[in-house]
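Undergrad: Structure for this input, please:
(one chain, ligands or ions: 1)
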Amino acid sequence: MERQIPLFEEPAPDPRPPETVTWNLWHGCTKVSPGCAHCYMFRRDEGVGRDPRVVSKTQAFDLPVRILRAGEFRGRYRIPAGSHFYTCFSSDFFHADADGWRPAAWDMIRERADCSFFMITKRPERIGDHLPPDWGEGWAHVTVAVTCENQAMAEKRLPVYLALPLKHRAVMIEPMLSAVDLRSNGIARIESVSVGGESGPDARPCDFAWVLDVREQCAENGVAFSYHQTGARLVKDGREYRIPRAKQHEQARRANLDLGGTDRLGEIPGE
Ligand code: SF4
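TA: Got it, this is the predicted structure:
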């Protein structure tokens with residue numbers, strides 16, 4: 001009798017724990033709206049004499065598909081299965097100057113369907129024309145979030161954003177510059193909302209009442225909510241508090257406002 005041997009062995013499951021990874025695949029950006037006014041990426045680049053408006057591919061471009069060449073896990077991806085990539089935190093994934101590199105980025109994201117990817121844009125009007133050809137109704141392992149820093153941007157960006165084929169929708173209200181009404185802007189179709197104040201020497205104030213109002217809107221609609229950070233100038237009950245940078249995330253966490261299972265992000269460009 002002919003002996004049956006499997007032609008291709010199933011690879012053994014990856015025993016390494018998943019990681020949370022920041023993947024800045026290109027760097028540099030141009031300002032598009034009030035939330036960009038004090039972008040920390042601009043601050044940092046200008047501080048070292050670099051032009052932040054020049055968009056360039058980084059050394060980390062191929063990070064998700066890098067293979068280990070030595071050691072116990074030789075031949076496996078350097079980033080373990082199940083890892084979570086926070087993508088493009090020193091640029092905008094949909095910036096026009098990155099159009100030439102984005103198809104290769106989508107190829108890597110498609111290849112690593114064993115991980116999840118999260119990206120934030122202030123350019124939702126560019127998403128539809130710059131999705132991969134096999135995107136369909138969206139990829140389950142990708143969340144594209146949109147920033148709406150004030151009511152005007154919510155009204156401008158959310159109708160465009162909500163019309164897109166996306167499996168996961170998230171809204172960032174950071175830096176929060178005004179009260180934001182999401183009820184009339186399709187809140188029930190959003191999975192999670194994150195709010196936060198502005199940091200840095202020129203920070204604009206964020207009123208705690210605006211934060212509570214968005215939380216209330218999320219609670220009413222079963223949407224996950226995260227209070228990411230207070231910002232440098234927090235107004236509470238009519239009084240303004242100056243919060244040092246080192247305490248801004250901690251103070252927001254202590255407010256204990258989070259609802260549902262949103263991830264807590266690190267530093268994001270406009271905050
Ligand atoms: S806040 Fe975001 S979109 Fe605006 S300039 Fe900075 S990186 Fe670009």
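
Undergrad: Which pLDDT does the model give residue 135?
TA: With respect to pLDDT, residue 135 scores 98.

Undergrad: Regarding the residue lying closest to it once chain neighbours are set aside, what is its secondary structure?
TA: Leaving aside its chain neighbours, residue 135 sits nearest to residue 165 (6.7 Å; criterion: CB to CB, 6 or more residues apart in numbering). Bear in mind the C-beta positions are built from the backbone N, C-alpha and C, glycine included. Assigned with DSSP: H, G, I helix; E, B strand; the rest coil, residue 165 falls in the coil class.

Undergrad: Residue 165: how many residues sit nearby?
TA: By other CB atoms under 10 Å, 12 other residues sit near residue 165.

Undergrad: go on, residue 78?
TA: 16.

Undergrad: How about the backbone phi and psi for residue 149?
TA: Backbone torsions of residue 149, given as degrees, to the nearest 10, read phi -80, psi -20.

Undergrad: Which residues are in contact with it?
TA: 33, 34, 35, 173, 174, 175, 176, 177, 270 (CB atoms under 8 Å, 6 or more residues apart in numbering).

Undergrad: Show me which of these is closest to residue 129.
TA: Comparing the contacts of residue 149 against residue 129 with CB to CB picks out residue 33 as the nearest, at 19.6 Å.

Undergrad: follow-up on the earlier one: now, the contacts of residue 149 that are in strands?
TA: Counting by DSSP state E, the part of the contacts of residue 149 found in strands is residue 173.

Undergrad: Would you mind giving the contacts of residue 149 as CSV with distance to the ligand, pLDDT and neighbour count added?
TA: Below are the contacts of residue 149 laid out as CSV (distance: CB to the nearest ligand atom, whole Å; pLDDT from 0 to 100; neighbours: other CB atoms under 10 Å):
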residue, distance to the ligand, pLDDT, neighbour count
33, 7, 98, 18
34, 10, 97, 16
35, 6, 97, 25
173, 13, 98, 27
174, 9, 96, 26
175, 9, 97, 30
176, 14, 98, 28
177, 12, 98, 25
270, 3, 51, 26
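
Undergrad: Mark which of the contacts of residue 149 are part of helices, please.
TA: In helices, judged by DSSP state H, none of these are found.

Undergrad: a markdown table please, covering the contacts of residue 149 and showing distance to residue 117.
TA: Putting the contacts of residue 149 into a markdown table (distance: CB to CB, whole Å) gives the following:
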| residue | distance to residue 117 |
| --- | --- |
| 33 | 24 |
| 34 | 27 |
| 35 | 22 |
| 173 | 21 |
| 174 | 19 |
| 175 | 24 |
| 176 | 25 |
| 177 | 28 |
| 270 | 20 |
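
Undergrad: remind me which residues of the protein are low pLDDT?
TA: In the predicted model of the chain, residues 1-6, 261-271 satisfy pLDDT under 70.

Undergrad: Can you give the domain ranges for it?
TA: The chain breaks down into these domains under automatic domain parsing: 19-143, 148-265.

Undergrad: for those domains, which one ends up most surrounded?
TA: Most buried of the domains of the chain, by mean neighbour count (mean count of other CB atoms under 10 Å): domain 148-265, with a mean of 18.

Undergrad: thinking again about what came up before, residue contacts, the residue nearest to residue 135?
TA: For residue 165, the contacting residues are 131, 135, 136, 137, 138, by CB under 8 Å, 6+ apart.

Undergrad: let's see it at 10 Å
TA: Contact analysis of residue 165 by CB atoms under 10 Å, 6 or more residues apart in numbering lists 127, 128, 131, 135, 136, 137, 138, 139.

Undergrad: The domains of the chain into CSV, with extra columns for distance to residue 9?
TA: Below are those laid out as CSV (distance: least, CB to CB, whole Å):
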stretch, distance to residue 9
domain 19-143, 13
domain 148-265, 32
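
Undergrad: what secondary structure does residue 152 sit in?
TA: Residue 152 is classified as helix under three-state DSSP.

Undergrad: That one touches residue 181, doesn't it?
TA: No - counting by CB atoms under 10 Å, residue 152 stays clear of residue 181, with 11.3 Å between them.

Undergrad: doesn't residue 213 make contact with residue 225?
TA: No - look at residue 225 against residue 213 with CB under 10 Å: they stay out of range, at 11.2 Å.
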